[in-house]
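Q: Please find the sequence and the predicted model below.
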Amino acid sequence: MIIPSSAYDEARYGPPRRPRTARMRRHVIPPRMVVVLLLAVAVRAPPPSAEAFSFASLSSSSSSSSSSSSSVVGRPRTSPTTLRAAARATTTTTTTTTTARTATGRRMPINEDRPGLRLLHSDPDVYVIENFVSDAACDDMIRAALERGTTRSPVAYAGWTDDVKDLVGLAASGPVAWIALFAAWREESAYDGGGEGGGGGGSVPSLVAHALRNYVVVFALAVSAISAFIKHRADGLGELRTSTSTTLDDLSRFGAREFVVRAAELFDPASSSSSSSSSGTTMHPASYFEAPTVIRYETGQALAPHFDANRSANVEDANRGGQTLSTLIVYLNDVPHGGTTSFPRLPPAIDDDRQVAGGTCLEIVPRRGDALLFFPADANGIFDDRTEHEGRPAVDGKWIARIWRHAHRVPPPFGLSDSSIREHL
Ligand SMILES: O=C(O)CCC(=O)C(=O)O
Ligand SMILES: [Fe+2]
């Protein structure tokens, strides 16, 4: 809080200010004014970047015991607000931004010869892969999820590091500095103009000291307000994802194992068993996966438009393999009504029976055993905003299993353990 000059307590805040000298009074522009102007110029805020107020990353997570995460960025249809979100735990991160930063690089490589691979959209590439896993594997994954129990897929705030940085930076260099300086100047003026001591005080060091003190106080208040605002936004983001989910990290179950094996073959054309990491050590391709997450949508449940990549992945997702380079979803049941996966920024797939008839954007009808494959970021981890997507509200019940392929090894509890990979893959 800015302490009004009338309440100023010199005993507490510093020694009495010395009276102004005659020499100081002769200046046309009082020195304190010069200091205020100089400081104001020095700290003047640059124009906020377009993204300064774009709240984007949320991350949602399932509350299963071993949580994996990914990030989804979403903009709810119900709100014009842009949100950026990244998923934590078994989930989804939601991120939307007002400004598009389109990935320009190539996506990560895959096995292009995979039978059943069908391109629905090129650049950004979106594929359907027919019969990616067997019906029996689909049923087993649903059974495993039911046995384990699904819980509400939470949404945790991702991208918060950038958002906090932007807001704090903006506040620190702009409003906070101005308020602190103005308040200090007022205090000084009030003190000079008839305060106790008959016009004493008002020295430059004193003004600077007051400005700094005010700055600290106002800055602390601004940070508290920003924290409360961000928490409020994060809490609200939970509503963007109403499904329930759980993680399947037990590869002794054949359904999950089949899914992971197929995914490993898809992402590592060179070998279905092992590949070399850039560090020279041998890494199984599944080491880059988050453990499969099974997500259940009951009637009316949905996942709002979001992104699976997180612009702040290097920091916020460092313990889960960094950026999400690819999303692989398998539909575990046929969903005749509702529950489509849509890409609001991409055009409909012409003449494709997976495309929703009459749809205005790329919108895929879930069919048991089929996979949907796309790339939320390019091979270098650059976020691709064109891959915004959503799980439309379910009418019939819908089950999916999802693997996020990250840029680096994903250690447990988010990824699969080395022993599990060694033993089952
Ligand atoms: O439910 C869907 O169709 C999409 C799910 C999804 O985007 C996700 O889990 O990140
Ligand atoms: Fe997603």
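A: In hand now; what should we look at? Ligands and ions are numbered 1, 2, ... in the order given.

Q: Am I right that P376 is in contact with T327?
A: Yes. With contacts counted by C-beta atoms under 8 Å, P376 reaches T327, the gap being 5.9 Å. Yep, even glycine has a C-beta here, placed from its N, CA and C like the rest.

Q: and R213, that's in a helix?
A: Yes. Assessed by DSSP: H, G, I helix; E, B strand; the rest coil, R213 belongs to a helix.

Q: about what we covered before: find residues that contact each of P376 and T327.
A: Common neighbours of P376 and T327 (criterion: C-beta atoms under 8 Å, 6 or more residues apart in numbering): D308.

Q: if you count what's nearby, which of these two comes out ahead?
A: Between P376 and T327, P376 has the larger neighbour count (other C-beta atoms under 10 Å), namely 34 against 23.

Q: pretty sure V260 is touching P285, no?
A: No. Counting by C-beta under 8 Å, V260 stays clear of P285, with 9.3 Å between them.

Q: can you list the domains in the protein?
A: Domain assignment for the chain, taken from automatic domain parsing, gives 13-44+164-236, 101-154+241-424.

Q: out of the ones you listed, which comes closest to ligand 2?
A: Between ligand 2 and those, the shortest gap by C-beta to the ion is with domain 101-154+241-424, which sits at 4.3 Å.

Q: what is in contact with V260 and P285 at once?
A: In contact with both V260 and P285: no residue, using C-beta under 8 Å, 6+ apart.

Q: now S153, nearest residue through space, not along the chain?
A: S245 (4.5 Å; C-beta to C-beta, 6 or more residues apart in numbering).

Q: Just to be sure, the one you found is in a strand?
A: Yes. Counting by three-state DSSP, S245 falls inside a strand.

Q: Could you report the neighbour count for it?
A: S245 has 30 neighbours, counted by other C-beta under 10 Å.

Q: Tell me which stretches of the stretch 51-200 of the chain form helices.
A: 135-148, 160-173, 175-192 (DSSP state H, counting those that start in this stretch).

Q: Out of those, the one nearest D317 is which?
A: helix 160-173 (10.7 Å; C-beta to C-beta).

Q: tell me the angle of that closest one relative to helix 175-192?
A: In terms of direction (axes from the mean of the first three to the mean of the last three C-alpha atoms, to 10 degrees), helix 160-173 departs from helix 175-192 by 30 degrees.

Q: Which elements pack onto helix 160-173?
A: helix 204-237, helix 313-316 (3 or more C-beta pairs under 8 Å, 6 or more residues apart in numbering; DSSP states H and E).

Q: Same list (these) but as CSV, adding mean neighbour count.
A: CSV is the format used below for those (neighbours: other C-beta atoms under 10 Å):
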stretch, mean neighbour count
helix 204-237, 17
helix 313-316, 20
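
Q: ok, the residue nearest to S153 touching Y297?
A: No. Using C-beta under 8 Å, S245 is not in contact with Y297; the gap is 9.7 Å.

Q: mind checking how far T151 is from T293?
A: Applying C-beta to C-beta, to the nearest Å, the value for T151 to T293 is 12 Å.

Q: Neighbour count for these two, which is higher?
A: Taking other C-beta under 10 Å, T151 and T293 do not tie; T293 has more neighbours (31 against 15).

Q: The helices and strands packed on helix 160-173: lowest mean pLDDT?
A: In terms of average pLDDT, helix 204-237 trails the rest of those, at a mean of 79.

Q: Break down the stretch 301-425 of the chain into its strands, ranges please.
A: 303-306, 324-331, 341-343, 362-364, 371-374, 389-391, 398-406 (DSSP state E, counting those that start in this stretch).

Q: Show me the shaky parts of the chain.
A: 1-103, 154, 156, 158, 191-202, 269-281 (pLDDT under 70).

Q: residue contacts, N314?
A: Neighbouring residues of N314 by C-beta under 8 Å, 6+ apart: G322, Q323, G381.

Q: again, 6 Å this time
A: Residues near N314 by C-beta atoms under 6 Å, 6 or more residues apart in numbering: G322.

Q: ok so, going back, in JSON lines: the helices and strands packed on helix 160-173, plus distance to ligand 1.
A: Formatted as JSON lines, the helices and strands packed on helix 160-173 follow (distance: least, C-beta to the nearest ligand atom, whole Å):
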{"stretch": "helix 204-237", "distance to ligand 1": "14"}
{"stretch": "helix 313-316", "distance to ligand 1": "15"}
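
Q: Determine which of the ones you listed approaches D162 most closely.
A: Closest approach to D162 among those (C-beta to C-beta): helix 313-316, 8.4 Å.

Q: Name the residues linked to the residue in the stretch 151-300 of the chain positioned nearest to ligand 1 by a beta bridge.
A: Of all residues in the stretch 151-300 of the chain, the one sitting closest to ligand 1 is I295 (5.7 Å; C-beta to the nearest ligand atom). I295 forms beta bridges with S245, I400, as assigned by DSSP bridges.

Q: I'd say it and T242 touch.
A: No. In this structure, I295 is not within contact of T242 by C-beta atoms under 6 Å, at 10.8 Å.
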